[in-house]
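**Q** Just need the structure, nothing else, for what follows:
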Amino acid sequence: MSDVTHILSQIEFGDPSAAEQLLPLVYDELRRLALANGPCDNPIAELPPFNRPWEVLS
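**A** Residues are numbered from 1 along each chain as shown. This next block holds a predicted model:
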């Protein structure tokens, strides 16, 4: 059983400290994925229009 699966099982059974263990694992994985995708030249340009409300209002 992976660490994440084990921690999710603990959360399901009501272990209050399990969520604190899960966050660093998820953050590390998201960071690894972001680094693997490389830097973004203009992160705002990649947002869909509904995430750029200032352009709708101008």
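**Q** By average pLDDT, which secondary structure element in the protein comes out worst?
**A** Using mean pLDDT, DSSP states H and E, helix 53-57 stands out as the lowest-scoring helix or strand of the chain, at a mean of 60.
**Q** Point out where the chain drops to low pLDDT.
**A** 1, 40-58 (pLDDT under 70).
**Q** in it, which spans are helices?
**A** Residue ranges of the helices in the chain, as given by DSSP state H, are 3-12, 18-36, 53-57.
**Q** Most tightly packed of those?
**A** helix 3-12 (a mean of 13; mean count of other CB atoms under 10 Å). (Glycine included, C-beta is placed from N, CA and C.)
**Q** could I get it in PDB with only the CA atoms?
**A** Only the C-alpha atoms of helix 3-12 are listed here, as PDB (Å, rounded to 0.1, in the frame of the first residue of the first chain):
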ATOM      1  CA  ASP A   3       2.000   6.100   1.600                       C
ATOM      2  CA  VAL A   4      -0.800   8.200   0.100                       C
ATOM      3  CA  THR A   5      -3.300   5.300   0.100                       C
ATOM      4  CA  HIS A   6      -2.400   4.400   3.700                       C
ATOM      5  CA  ILE A   7      -2.900   8.000   4.800                       C
ATOM      6  CA  LEU A   8      -6.200   8.300   3.000                       C
ATOM      7  CA  SER A   9      -7.300   5.200   4.800                       C
ATOM      8  CA  GLN A  10      -6.300   6.800   8.100                       C
ATOM      9  CA  ILE A  11      -8.300   9.900   7.200                       C
ATOM     10  CA  GLU A  12     -11.300   7.700   6.300                       C
END
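**Q** Now do that helix against helix 18-36, angle only.
**A** 150 degrees (axes from the mean of the first three to the mean of the last three CA atoms, to 10 degrees).
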